[in-house]
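Asks: Structure for the following, please:
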Amino acid sequence: MITRRQLLQTLAGGMASVALAACTAGVFDDNPPDAFPTPAPDALVLRFHTRATQQENALYETQMVAFMEQHPHLALVQESISPSEYVQQVASLHASGDLGDVLWASQAQGSLFSLWQHGMIRTLDPLLSAANVDLSQWYPSCVQSVTVADQLLGLPFKAHPGMAFVYCNQSLFEVAGIDLPSADWTQAQQMAMAKKMTMLSAQPPRFGYLPGIGASWQMLTALLPAFGGQLLDANGTQVLLADDAGLAALEYLYDLFHQAAVAPKPDQMDGDESDMWAEGELAMLQGVTRLSALETVVDERFAWMVVPNARGPAGVAGAACEVDVQCVTSATRHPNEALAWVQFLCNQESGLLLGLLGGTAGGRPDVYGAPELLQFPYRAVFRQVMGNAPPSRTVANSRQAEASATLQQGLLPLWQGAVKPTPTFLTNVATQLQRVLDKAPYWPNDQGA
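Replies: The predicted structure is shown next:
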């Protein structure tokens with residue numbers, strides 16, 4: 001297992017791929033480290049609830065050691081929960097009076113607002129004021145995204161600008177004699193490039209561009225502004241999809257699959273989009289920052305680069321800030337100590353380590369602009385887009401997962417070619433989605449009421 005000191009030494013040495021080094025050294029070992037400092041006999045125990053992911057667990061391992069070295073009077077206990085069961089298990093802990101001191105939550109997935117609405121999260125404003133914490137350390141859009149009714153619910157732990165990027169197989173561009181797109185390229189230019197690089201006669205077939213239909217909510221959140229529209233109103237209570245901008249966006253997507261035929265239809269997919277990208281079957285793939293973690297899978301098969309989304313008729317490319325947060329719970333008897341751990345997880349070093357471990361980094365300008373990350377060329381593009389990304393809009397009743405699934409299912413016939421993007425089709429999809437938004441706020445075991 002790579003130690004925190006080794007990882008930081010690697011950072012200081014400027015190695016080209018610390019993520020690969022970390023994987024090789026077993027940083028994602030599920031076994032706990034054997035180098036945890038021994039807390040003082042009378043140490044105060046802080047329990048924190050986390051989503052179980054490899055990247056984040058590796059971060060927790062290294063930073064728990066560092067924090068306890070700096071705070072020997074505190075002992076940290078991590079309680080890692082499967083992502084699919086996270087809200088349910090945290091709710092059960094709350095109901096039984098056994099909620100810990102700190103918890104992870106997601107703004108974009110809705111768990112942050114659900115846990116807050118049900119009284120599990122302590123607003124941070126009084127604690128931060130007393131501790132003189134400067135919120136300008138984090139991107140303003142991140143702070144705004146996790147603020148409700150002028151109450152800050154947590155500190156930004158990691159963040160990205162949504163489905164804001166197009167991953168380009170640079171080797172295929174070179175073979176086709178096409179320059180990589182510029183930062184201000186247009187959808188018309190993208191279509192022309194995709195047509196030139198699509199080769200359906202190849203074995204396996206090669207496609208010019210696959211938009212992010214595997215996550216339709218994120219895709220449309222980024223795409224609709226390019227046509228002058230939005231998926232939701234600012235309050236998260238009304239679906240705005242069924243307008244001229246929504247129809248134009250779906251017509252554009254339909255053309256990619258069925259008129260220009262530069263995108264693989266569902267029955268033409270060879271595995272999922274990540275598989276096809278890693279195998280060189282896609283010249284361009286829309287994705288989030290997390291997709292960059294496939295760097296170790298692609299290895300030396302081909303060169304690649306990232307560019308912002310192509311600009312649409314409205315003259316913008318489209319992006320929306322999505323944030324994971326660390327929160328102080330309402331149950332803690334030690335809010336100041338819990339805040340200290342939250343701050344530590346959301347500081348520059350933690351955000352930088354997240355990025356170097358692979359994928360999404362901390363939601364701070366001094367992380368996205370850190371030289372250690374900018375040595376990777378694609379990170380400069382991430383920085384450019386993140387700095388201008390507005391807050392994302394999520395549903396007000398915390399039924400984000402249900403809303404996303406409803407949209408995903410509703411649009412599937414369009415990708416399959418079973419329907420065309422007509423006003424009637426669009427209205428039907430928007431109506432199904434509005435029914436979800438009109439439901440009572442989500443809570444586990446509510447039977448979908």
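
Asks: hey, let's count contacts and neighbours off CA atoms from now on
Replies: Will do.

Asks: Just the endpoints, please. Distance across stretch 384-396?
Replies: As for stretch 384-396, its first-to-last residue distance stands at 29 Å under the measure Cα to Cα, to the nearest Å.

Asks: just stretch 95-104 next, same as before
Replies: Across stretch 95-104, the terminal residues are separated by 18 Å (Cα to Cα).

Asks: what does that stretch contact?
Replies: Outside of stretch 95-104, the residues within contact range by Cα atoms under 8 Å, 6 or more residues apart in numbering are 46-51, 90, 93, 324-335, 338, 342.

Asks: Now for L250, how many residues are close by?
Replies: A count of neighbours around L250, defined by other Cα atoms under 10 Å, yields 22.

Asks: whoops, R290 was the one
Replies: Taking other Cα under 10 Å as the definition, R290 ends up with a neighbour count of 14.

Asks: any idea how far the nearest residue to it once chain neighbours are set aside lies from M269?
Replies: If the residues on either side of it in the chain are set aside, R290 comes closest to G359, at 4.0 Å by Cα to Cα, 6 or more residues apart in numbering. If you measure G359 against M269 using Cα to Cα, the figure is 24 Å.

Asks: Looking at the two, which is more packed in?
Replies: Counting neighbours by other Cα under 10 Å for G359 and for M269 shows that G359 has the greater number, 18 against 14.

Asks: Run through the residues that contact A40.
Replies: For A40, the contact set (Cα under 8 Å, 6+ apart) comprises 72-74.

Asks: Highest neighbour count among these?
Replies: By neighbour count, taken as other Cα under 10 Å, the most surrounded of those turns out to be L74 (20 neighbours).

Asks: Now the phi/psi pair for it, please.
Replies: With angles defined as degrees, to the nearest 10, L74 shows backbone torsions of phi -120, psi 140.

Asks: returning to that earlier point: so which of the contacts of stretch 95-104 are in strands?
Replies: Using DSSP state E to define strands, the subset of these located there is 46-51, 324-328.

Asks: Nearest to G208 among the residues you listed?
Replies: Closest approach between these and G208, by Cα to Cα: D324, at 32.4 Å.

Asks: Just give the number of residues close to the closest one.
Replies: Using other Cα under 10 Å as the criterion, D324 is surrounded by 25 other residues.

Asks: ok, it touching H160?
Replies: No. Look at D324 against H160 with Cα atoms under 8 Å: they stay out of range, at 9.3 Å.

Asks: circling back: select only the buried ones of the contacts of stretch 95-104 in ChimeraX?
Replies: In ChimeraX, selecting the buried portion of those, with burial taken from 16 or more other Cα atoms under 10 Å, looks like this:
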select :46,47,48,49,50,51,90,324,325,326,327,328,329,330,331,332,335,338,342
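
Asks: which SS class is L180?
Replies: Of the three states, L180 takes coil under DSSP: H, G, I helix; E, B strand; the rest coil.

Asks: Could you give the number of residues near it?
Replies: 17.

Asks: Report the buried residues of stretch 218-235.
Replies: Applying a neighbour-count criterion of 16+ other Cα under 10 Å, the buried positions in stretch 218-235 are 218-232.

Asks: Run the chain-centre distance for it.
Replies: Relative to the chain's own centre, stretch 218-235 is displaced by 17 Å; criterion: Cα atoms, centre = their mean, to the nearest Å.

Asks: Please name the bridge partners of L74.
Replies: When bridges are called by DSSP bridges, L74 pairs up with L44.

Asks: was I right about it contacting P41?
Replies: No. Between L74 and P41 there is no contact, the gap being 10.0 Å when judged by Cα under 8 Å.

Asks: Can you show me the helices along the stretch 201-350 of the chain?
Replies: With DSSP state H, counting those that start in this stretch, the ranges of helices along the stretch 201-350 of the chain come out as 216-223, 244-254, 273-278, 295-298, 335-345, 348-357.

Asks: Reformat the ones you listed as a markdown table; add mean pLDDT and distance to Y86.
Replies: Shown next, in a markdown table, are the helices of the stretch 201-350 of the chain (pLDDT from 0 to 100; distance: least, Cα to Cα, whole Å):
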| stretch | mean pLDDT | distance to Y86 |
| --- | --- | --- |
| helix 216-223 | 97 | 21 |
| helix 244-254 | 98 | 33 |
| helix 273-278 | 93 | 25 |
| helix 295-298 | 87 | 28 |
| helix 335-345 | 98 | 19 |
| helix 348-357 | 96 | 21 |
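
Asks: Neighbours of L352, how many?
Replies: L352 has 26 neighbouring residues, counting by other Cα under 10 Å.

Asks: Tell me the spacing between it and G362.
Replies: The spacing between L352 and G362, counted by Cα to Cα, is 7 Å.

Asks: and what of A380?
Replies: The value you get for A380 to G362, if Cα to Cα is used, is 15 Å.

Asks: ok, the two, which is more surrounded?
Replies: Higher neighbour count among A380 and G362: G362, with 29 against 19, using other Cα under 10 Å.

Asks: Poorly predicted segments of the stretch 51-200 of the chain, please.
Replies: Within the stretch 51-200 of the chain, no stretch has pLDDT under 70.

Asks: where exactly do the helices run in it?
Replies: 54-70, 86-95, 111-117, 125-130, 140-145, 170-176, 187-197.

Asks: ok now the third one, how far from the chain's centre?
Replies: By that I understand helix 111-117. Taking the mean C-alpha point of helix 111-117 and that of its whole chain, the gap between them comes to 18 Å (Cα atoms, centre = their mean).
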